[in-house]
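[1] Have a look; sequence and predicted model below, questions after that.
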Amino acid sequence: MEKVDLGKALKHLYKPSAKEVVEVEAPEMRFLMADGAGDPNTSAEFREAVEALYALSYALKFMVKKTAEVDYGVMPLEGLWWTDDMSWFSVDDKSGWKWTAMIMQPEEYVTRELVEKARGQVEKKKAPPALSRVRFEPFHEGRAAQIMHRGPFSEEGPTVEKVHRFIEERGGELSGRHHEIYLKDFNRTAPENLQTVVRQPFA
């Protein structure tokens, strides 16, 4: 049985330093994605999307393990966040946020055909309400700045400002959606122990 550590292979994208902002180049990768709107802290739509993403991701993991004899860890939940007018985007008020929740899939083993087979299995076993909203798509972020935020989501403001300042000091302009990667399960982790990659693409 071959074991693949995706997090280790992509350490520069998923385990940045918490001490300083760094520039990265995020290549095209394939994700399971689900869209929605509203404050993720109170939105049932967000909870349902996360449930469906994990159910499908784990179904794919076990299918690959059985058919290809490759074992890999499911990647962390990620979120793209934005508002229609990004000048009003604020981590202090999330009621107007729109989002894409997503989990990266290993391109070498997960195909569109396999995703649909896994969807059928999950539908029969669990039938999460948001399953039909999950899509499988490539996502190419490109040039971005990022840092690790340690602690509660409510204290992310200064971290986000630090990332934006890094971009401004290099003469760049924000060019994509606010991106977060949740390395700890926020439903099972004390807020002070959370680890969140804060990323912002720029041109």
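    That came in fine, so what should we check first?

[2] So which bits of the longest helix along the chain are buried?
    With DSSP state H applied, the helix covering the greatest number of residues in the chain is identified as helix 44-67. Applying a neighbour-count criterion of 16 or more other C-beta atoms under 10 Å, the buried positions in helix 44-67 are 45-57, 59-61, 63-65. All C-beta spots, glycine's among them, are computed from the backbone N, C-alpha and C.

[3] for stretch 4-18, same thing?
    Neighbour counts using 16+ other C-beta under 10 Å place 6-7, 13-14, 16 of stretch 4-18 among the buried residues.

[4] Can you tell me the element the residue lying closest to Glu107 once chain neighbours are set aside falls in?
    Residue nearest to Glu107 in three dimensions, not counting chain neighbours: Arg30, with 5.2 Å by C-beta to C-beta, 6 or more residues apart in numbering. Under the assignment given by DSSP states H and E, the secondary-structure element containing Arg30 is strand 29-37.

[5] partners of that strand in the sheet?
    Based on DSSP bridges, the strands next to strand 29-37 in the sheet, each with its direction, are strand 98-105 (antiparallel), strand 135-139 (antiparallel).

[6] Now do the buried residues in it.
    Across strand 29-37, burial judged by 16+ other C-beta under 10 Å covers 29-34, 36.

[7] how about the helices of the protein, start to end?
    With DSSP H as the criterion, the chain has helices spanning 6-9, 11-14, 44-67, 112-125, 157-169.

[8] Tell me what the spatially most central residue of the chain is bridged to.
    To find the centre residue of the chain, average its C-alpha atoms and take the closest one (C-alpha atoms, centre = their mean): that gives Glu78, at 1.2 Å. Partner residues in beta bridges with Glu78, using DSSP bridges, are Met102, Ile181.

[9] got it, and Glu137?
    Phe31.

[10] contacting residues for it?
    The contact partners of Glu137, by C-beta atoms under 8 Å, 6 or more residues apart in numbering, come to 30-31, 33.

[11] which residues of this structure score low on pLDDT?
    Judged by pLDDT under 70, the chain has its weakly predicted residues at 85-93.

[12] hmm, back to that, who's in contact with the residue nearest to the centre of the chain?
    Glu78 makes contacts with 31, 101-104, 179-182, as judged by C-beta under 8 Å, 6+ apart.

[13] Tell me the one among those nearest to Thr159.
    Closest to Thr159 out of these is Glu180 (10.2 Å), distances taken as C-beta to C-beta.

[14] Count residues in the vicinity of the closest one, would you?
    Other residues within reach of Glu180, judged by other C-beta atoms under 10 Å, total 21.

[15] Measure how buried the closest residue in space to it that isn't next to it in sequence is and give me the count.
    With C-beta to C-beta, 6+ apart as the measure, Gly79 is the residue that lies nearest to Glu180, at 5.0 Å, once sequence neighbours are left out. By other C-beta under 10 Å, 20 other residues sit near Gly79.
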